[in-house]
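Asks: Here's a sequence, model it:
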Amino acid sequence: MCMPSSSSPRWWSMFDPRTSYGRIYLCLLALRCFSALFGYGYIHPDEWMQSGETYFWLSLANSDAQLTWEWQPNHALRSLSVLLMQYVAVEPMLKIRRLLGGPLTGHSLFLIQRINMLLWSLVLDISIVFFLPPQTTRYVHYLFGISTAATTFLVRPFSNSHEAYLLAFCLLLVANRFKSPTWYQCDRPALPHWGILVGLFAVDGFFMRFTFAIFALPLAAFVFYRHVRLAIQGHPRTALISLSIAITIAIAFFGLRIETETSFYTRLAKMNCMELATFWRTKWVVPPVNALLYNVKTDNVAQHGLHPRWLHAVVNFPMMVGAANCIVVVIQGYLFVRDKVGPSTDIQTAASQEVVEEQEQERKEVERPMDGTTACQVASTSSKPEQACIDEQVAWVDIEATIVALSLWIVVLSLAMLSMSPHQEARFLLALAFPSTIVMAYALQSRFFTHRVRLMRTLCVLHVVQHVVQLVLFSFLHQAALLPTVFSIDTSLSRLTRHADPLLERYEHHLLYRTFSVPFHMLPNKGTAMLPHVEQYDSTYSASKLVYMASIACDHTWIYAPTWVVNHLHAEAHSQQTVDLVQVALFPWHLDLDHLAQTWATTNSVPVTEAFAIQKLHVRCKPNESSQHHISAQTQQDPRKSQSHQDL
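Replies: Numbering: from 1, shown residues only. Presented below is the predicted three-dimensional model:
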């Protein structure tokens, strides 16, 4: 890359607690780590069902993980090869965990996956240091570090999270590569490396989610435009070589991904005697194309929920990137358009030139190396004076004009295209968090905001407050008792003997009712045998049906259900007169937004901590009818005792 010698401070300076920058960054990093390792909030089932459930179904022996419908060969909507790339650090951490000894637990699998995503976030943080000027790097680290995207979504193994990382890497690479009009004269050996990285990230992003193509469309158009412009300027050979490298590498990676997916899904289809979702009646399986064809049908997405088409722009985008960030993006977009298409006067031109010169001077002062070395001194060491002059000029070209324009185009175009779909969830816009932060980071350094101190402070306070509230909501409250419940079940299963008669020693049933999808890969102690038994029942099962099924193996069965539905279970148990449901444990801080009204209604009869919780109910058998007659005959001389038994 063509990087100025003085533009990038040592990357580890961000971890230096002796500076205010280092201290603030470390605090934000600690907050992110705390959210990742101790935030049991369960945002959406796809958090685990599109990633960990499939990964450990393949890699973990004796796992009871389940392959979700998206991974079935007759659908083939997800990419195995990119999932392995996303989970690149999981297998080494599993080996380390085994070396430490002791059985593998559900909680350890949870931590391993979260740490893996934390490592991806650190790679992005360090990349920012290398590609952006120091002052802008600080702004991005502060604004992005406190955002809901960084503290909550990107530390979870969503497919959207990996898509967002890949888009951020592509944006940094493309903007830095083409920031100068003379980019082709700088660092010629970097051409293959640049092509390899961009090609790999672009292909992986597309195979992770087909929406990556929408997010990356402005980047692809910009790369093509710069190469065409270079050819027109009299350098067709250089333009052809550079573009050919990127395209060739992208095609090679694309072919490798198709080969991997075809092999995986073909074996899976043969094992399960299922049809294979191939590409246009060929033998090849292309998951992103299958996903696109599935999502363009309204009947398909209607099964997951239909939303108004304004939801992304009005609700989801402000929630994901922040209301303050939205305001800044709108203002910056207006100023960008005004400067491009509006009439300019001599006064405006002079003022604009003054701003540019002032920002250039500020940037040079910030980027001056601590050892006193200047770019001119570095350039003077070049063996060719004319090349040294070029290097010096290129070194001081700021990335702002390129990366801000690209970020604005990504936000506007992607938001418009994704809003055409009738199925809209906030996490679908996760990839826009980083580009919008780039816009905000540069905007807050501009004269428009620095001359409006009160506005800038208000926006910063709003940004922090909103994202802290959302952090608490999504990381620590939303469906937050389900994972501790699963860990508790796994601990209970680990205490069962593995060598005795399973009908006598492993006869244990755990039934989960009216919760999010259970990530069964976090029950490594269950094994693949029928017993012990762990099942989940959704709203299609009535409380009456659940109590009846639980009564079949009473005394060996536990029900886990949110408090708002427990009263219905007690009523059915009383009606059927076969079992008693006894609360033996409570998993608090469980916020179910889909049933908030029902949950709040229970606070009239139970404490708030119990109302917002999942209860563990032991299903205890009542004496059967013959036992009642036997006890009644023995106690017929004591009516009071008999009545007491009947009441029981």
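Asks: dump the residue contacts of Leu84.
Replies: With contacts defined as Cβ atoms under 8 Å, 6 or more residues apart in numbering, the neighbours of Leu84 are Tyr55. The C-beta positions use only the backbone N, C-alpha and C, and glycine is treated the same way.
Asks: Flag every buried residue along the host helix or strand of it.
Replies: When secondary structure is defined using DSSP states H and E, the element that contains Leu84 is helix 80-86. Across helix 80-86, burial judged by 16 or more other Cβ atoms under 10 Å covers 80-83, 85-86.
Asks: Using CSV, list the CA coordinates for that helix.
Replies: What follows is helix 80-86 as a C-alpha-only set of coordinates in CSV (Å, rounded to 0.1, in the frame of the first residue of the first chain):
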residue,chain,number,x,y,z
LEU,A,80,-19.7,-23.7,4.7
SER,A,81,-16.4,-22.4,3.4
VAL,A,82,-17.0,-18.8,4.6
LEU,A,83,-18.4,-20.1,7.9
LEU,A,84,-15.0,-21.9,8.4
MET,A,85,-13.3,-18.6,7.6
GLN,A,86,-15.5,-16.8,10.1
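Asks: Run the chain-centre distance for that helix.
Replies: Offset of helix 80-86 from its chain centre (Cα atoms, centre = their mean, to the nearest Å): 14 Å.
Asks: hang on, the earlier thing: ok, so of the buried residues of helix 80-86, who is nearest Val472?
Replies: Gln86 (26.7 Å; Cβ to Cβ).
Asks: Could you count how many residues lie near Cys170?
Replies: Residue neighbour count, defined by other Cβ atoms under 10 Å, stands at 24 for Cys170.
Asks: same thing with His75?
Replies: Around His75 sit 18 other residues, with neighbours defined as other Cβ under 10 Å.
Asks: wait, what's in contact with it?
Replies: By Cβ under 8 Å, 6+ apart, the residues touching His75 are 69, 277, 290, 294.
Asks: residue contacts, the first one?
Replies: Trp69 sits next to His75 when contact means Cβ under 8 Å, 6+ apart.
Asks: cool, the last one as well?
Replies: For Tyr294, the residues meeting the contact criterion (Cβ under 8 Å, 6+ apart) are 75, 77, 300.
Asks: Sort the residues you listed by pLDDT and name the bottom one.
Replies: Across the contacts of Tyr294, the member with the lowest pLDDT is Asn300, scoring 92.
Asks: ok, and the closest non-adjacent residue to that residue?
Replies: For Asn300, the nearest residue in space outside its immediate sequence neighbours is Tyr294; the separation is 5.3 Å by Cβ to Cβ, 6 or more residues apart in numbering.
Asks: what about that neighbour, which helix or strand?
Replies: With elements taken from DSSP H and E, the one containing Tyr294 is helix 287-295.
Asks: what secondary structure does the residue nearest to Leu243 when sequence neighbours are not counted sit in?
Replies: Nearest-residue entry for Leu243: His227, 4.5 Å, with adjacent residues in sequence omitted and distances by Cβ to Cβ, 6+ apart. Of the three states, His227 takes helix according to DSSP: H, G, I helix; E, B strand; the rest coil.
Asks: and His227, how many neighbours?
Replies: Based on other Cβ under 10 Å, the number of other residues close to His227 is 22.
Asks: longest single helix anywhere in the protein?
Replies: In the chain, with assignment by DSSP state H, the single longest helix is helix 236-272.
Asks: Which ones among the contacts of Tyr294 map onto strands?
Replies: Using DSSP state E, the subset of the contacts of Tyr294 located in strands is empty.
Asks: from those residues, which single one is nearest Ala431?
Replies: The closest of the contacts of Tyr294 to Ala431 turns out to be Leu77 (Cβ to Cβ; 18.3 Å).
Asks: Contacts only, for the closest one.
Replies: For Leu77, the contacting residues are 70-71, 287, 290-291, 294, taking Cβ under 8 Å, 6+ apart as the criterion.
Asks: Out of the residues you listed, who's the most crowded?
Replies: The most neighbours of any of these, using other Cβ under 10 Å, belong to Pro287, which has 29 neighbours.
Asks: Do I have it right that it meets Glu261?
Replies: Yes - assessed by Cβ atoms under 8 Å, Pro287 is found in contact with Glu261 at 5.7 Å.
Asks: Distance of Asn285 relative to Glu259?
Replies: For the record, residue 285 is Val, not Asn. If you measure Val285 against Glu259 using Cβ to Cβ, to the nearest Å, the figure is 10 Å.
Asks: Which one's more surrounded, those two?
Replies: Each of Val285 and Glu259 had its neighbours counted (other Cβ under 10 Å), and the higher figure belongs to Val285 (25 against 13).
Asks: The more buried one - that's part of a strand, no?
Replies: No - the assignment for Val285, made by three-state DSSP, is coil rather than a strand.
Asks: quick one: it and Thr260, what's the gap?
Replies: 9 Å.
Asks: domains of the chain?
Replies: 11-366+374-473, 482-647 (automatic domain parsing).
Asks: Ends of the longest one, what's the gap?
Replies: Taking Cα to Cα, to the nearest Å, the span from the opening residue of domain 11-366+374-473 to its closing residue is 33 Å.
Asks: follow-up on the earlier one: quick check, nearest of the contacts of Leu77 to His533?
Replies: Distance to His533, by Cβ to Cβ, is smallest for Trp71 among the contacts of Leu77, at 23.9 Å.
Asks: Need the pLDDT of that closest one.
Replies: 96.
Asks: so what's it up against?
Replies: Under the criterion of Cβ under 8 Å, 6+ apart, the contact partners of Trp71 comprise 54, 77-78.
Asks: cool, Pro73 as well?
Replies: With Cβ under 8 Å, 6+ apart, Pro73 has these contacts: 265-266, 268-269, 272, 274-277, 285.
Asks: Wasn't Ala277 part of a helix?
Replies: No - Ala277 is assigned coil when assessed by three-state DSSP, not a helix.
Asks: you'd agree it is up against Val289?
Replies: No - with contacts defined as Cβ under 8 Å, Ala277 does not count as touching Val289, sitting 9.4 Å away.
Asks: now the stretch 201-350 of the chain, which segments are flagged as low pLDDT?
Replies: 342-350 (pLDDT under 70).
Asks: Give me the residues contacting the helix or strand where Phe317 lies.
Replies: Applying DSSP H and E as the criterion places Phe317 in helix 317-321. The set of residues that contact helix 317-321 without belonging to it, under Cβ under 8 Å, 6+ apart, is 147-149, 153, 326, 329, 415, 426-427, 429-430, 432-433, 436-437, 470.
Asks: again with stretch 542-555
Replies: Around stretch 542-555, the neighbours that count as contacts under Cβ under 8 Å, 6+ apart are 507, 509, 511, 513, 533, 537, 557, 559, 565, 568-569, 571-573, 575-576, 578-579, 581, 619-621.
Asks: repeat that for 6 Å
Replies: Residues outside stretch 542-555 that contact it (Cβ atoms under 6 Å, 6 or more residues apart in numbering): 509, 511, 513, 537, 557, 559, 568-569, 572-573, 576, 578-579, 619-621.
Asks: Kindly report the same for stretch 299-313.
Replies: Everything outside stretch 299-313 that qualifies as a contact, by Cβ under 6 Å, 6+ apart, is 294-295, 418-419, 422-424.
Asks: Mind giving me the PyMOL command for buried ones among these?
Replies: Buried residues within the contacts of stretch 299-313, as defined by 16+ other Cβ under 10 Å, are selected in PyMOL through the command that follows:
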select buried, resi 294+295+418+419+423+424
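Asks: Need the contacts of stretch 299-313 in CSV (columns: distance to Thr402 and secondary structure).
Replies: CSV is the format used below for the contacts of stretch 299-313 (distance: Cβ to Cβ, whole Å; DSSP: H, G, I helix; E, B strand; the rest coil):
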residue, distance to Thr402, secondary structure
Tyr294, 36, helix
Asn295, 32, helix
Leu418, 24, helix
Ser419, 26, coil
Pro422, 35, coil
His423, 34, coil
Gln424, 30, coil
